[in-house]
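> Need a 3D model of the following:
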Amino acid sequence: MKSKIKKAIFPVAGLGTRFLPATKSIPKEMLPLVDRPLVQYAVDEAREAGIDSFLFVSALGKSAIPDYFDKHPNLEAKLHANGSDELLTKLQNSNIPSGSTAYVRQGEPLGLGHAVGCARNFVDNDEYFAVLLPDDVIKAKPGCLKQMVDAWEDTQASIVGTMEVARDQVGNYGILDLESAQGRLAKARGMVEKPAPDESPSNHAIIGRYILSPHVMQLISTTKPGVGNEIQLTDAINAEAASGRGVYGYQFDGHRYDCGSMAGFLKATVDFGLDRPELKDELLDFLRETLAEFDKVKS
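Now for the predicted structure:
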């Protein structure tokens, strides 16, 4: 039995150009979804799955991320003195204990594979590790990564998170080439990046959740630039599948929002807002009124 998965890598070096001008001064990963930044949803999901070491692959201008996960003694003391216990608990839940985080810079935007490879000194040569893309916010109970870790206990092999998409949407994703499937778990021959609908091997799309073997980290170091002259994580995972060590897809139970897009971010805001008892009624009234007005104008 291999050791438990305790380390997670969070690639957060992107420029967030689709959210300019807001991301001119605020990292995309720090944009608030209701009252938590996107990156905290990924960190909380990792914590639930048993992760206790967090590495952020960052870039110039992203100092807000380590500041956010640090303690804020003055603010905590003020909330405590004011008896604001609920706010104090929320604030403390955003902290990551000292010594549990690390930050490395991706000096150039050379692809997701390159970003993960920047964390090579963080992962031991014999341990599996997780990768979470904060752009993908996943609403699930238990969390997506926890579901995948439970599946990994049986496979003891690399696993990528997947969801089924419409056939006309496969060109927007990396797609699994399935060898066999049983329930939510499917063994893969490999994966194809953004295939044409009539050439796609399946409609199982890869999302931003990975559990990867230490071999994948080693393969990244020998992976040559591919699409867009970038080092693609997909190419290293394909090499892992070809090695015979096994790569699986896990179709998670839940809903994924692409918060790297404005539409996805807005959809997630509505859904997560409706989950909040103190916001639900007011938000529902607003949505009903807005839709009624929209229908009037449309008609």
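
> CA atoms for contacts and neighbours, from now on please.
Will do.

> pLDDT value on residue 299, please?
Note on residue 299: pLDDT of 69.

> and what of residue 1?
Predicted confidence (pLDDT) for residue 1: 43.

> Burial check on residue 262, number of neighbours?
Using other C-alpha atoms under 10 Å, residue 262 has 12 other residues around it.

> Correct me if wrong: it contacts residue 22.
No - the pair formed by residue 262 and residue 22 falls short of the contact definition of C-alpha atoms under 8 Å, at 11.8 Å.

> what about the helices in the stretch 151-299 of the chain?
Assigned helices in the stretch 151-299 of the chain, in chain order: 214-220, 233-242, 262-274, 277-298 (criterion: DSSP state H, counting those that start in this stretch).

> how many neighbours does residue 208 have?
Close neighbours of residue 208, defined as other C-alpha under 10 Å, add up to 17.

> Hmm, it is touching residue 161, no?
Yes - counting by C-alpha under 8 Å, residue 208 touches residue 161, with 6.9 Å between them.

> List the contacts of residue 8.
46, 51, 53-55, 129-132 (C-alpha atoms under 8 Å, 6 or more residues apart in numbering).

> picking that back up, now do the shared contacts for residue 262 and residue 22.
Common neighbours of residue 262 and residue 22 are not found (criterion: C-alpha under 8 Å, 6+ apart).

> nearest to residue 31, of the helices of the stretch 151-299 of the chain?
Nearest of the helices of the stretch 151-299 of the chain to residue 31, taken as C-alpha to C-alpha: helix 262-274 at 9.5 Å.

> Now residue 18. Nearest residue, chain neighbours left out?
residue 261 (6.8 Å; C-alpha to C-alpha, 6 or more residues apart in numbering).

> Could you tell me the backbone phi and psi angles at that neighbour?
Backbone dihedrals for residue 261, given as degrees, to the nearest 10, come out at phi -110, psi 150.

> Tell me, how many residues neighbour it?
Residue 261, neighbours per other C-alpha under 10 Å, totals 15.

> separation between it and residue 295?
Distance, residue 261 to residue 295, using C-alpha to C-alpha, to the nearest Å: 26 Å.

> Which parts of the stretch 1-150 of the chain are helices?
Taking DSSP H, counting those that start in this stretch as the criterion, the stretch 1-150 of the chain carries its helices at 38-48, 64-69, 73-81, 85-93, 112-117, 144-155.

> Check the offset of the third one from the chain's centre.
I take that to be helix 73-81. The chain centre lies 31 Å from the centre of helix 73-81; the measure is C-alpha atoms, centre = their mean, to the nearest Å.

> Kindly report the same for the fourth one.
Offset of helix 85-93 from its chain centre (C-alpha atoms, centre = their mean): 24 Å.

> what angle separates that helix from helix 73-81?
On the basis of axes from the mean of the first three to the mean of the last three C-alpha atoms, to 10 degrees, helix 85-93 is oriented at 150 degrees to helix 73-81.

> Going by neighbour count, list what's buried in helix 85-93.
Across helix 85-93, burial judged by 16 or more other C-alpha atoms under 10 Å covers 88, 91.

> And for the third one?
Under the neighbour-count criterion of 16+ other C-alpha under 10 Å, helix 73-81 has 76, 79 buried.

> Could you tell me which ranges of the chain sit under the pLDDT cut-off?
Under the criterion pLDDT under 70, the flagged ranges of the chain are 1-3, 299.

> quick one: contacts for the residue nearest the centre of it?
Centroid check for the chain by C-alpha atoms, centre = their mean gives residue 133 as the closest residue, at 2.8 Å. Listed by C-alpha under 8 Å, 6+ apart, the contact partners of residue 133 are 10-12, 42, 208-209.

> One more: residue 192?
Going by C-alpha under 8 Å, 6+ apart, residue 192 touches 174-177, 200-201.

> Take the residues you listed and lay them out in JSON lines including distance to residue 5 and neighbour count.
What follows is those, written out as JSON lines (distance: C-alpha to C-alpha, whole Å; neighbours: other C-alpha atoms under 10 Å):
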{"residue": "174", "distance to residue 5": "24", "neighbour count": "20"}
{"residue": "175", "distance to residue 5": "25", "neighbour count": "28"}
{"residue": "176", "distance to residue 5": "23", "neighbour count": "26"}
{"residue": "177", "distance to residue 5": "26", "neighbour count": "20"}
{"residue": "200", "distance to residue 5": "32", "neighbour count": "21"}
{"residue": "201", "distance to residue 5": "30", "neighbour count": "17"}
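
> could I get these as TSV with distance to residue 269?
Below are the contacts of residue 192 laid out as TSV (distance: C-alpha to C-alpha, whole Å):
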residue	distance to residue 269
174	26
175	27
176	29
177	33
200	32
201	33
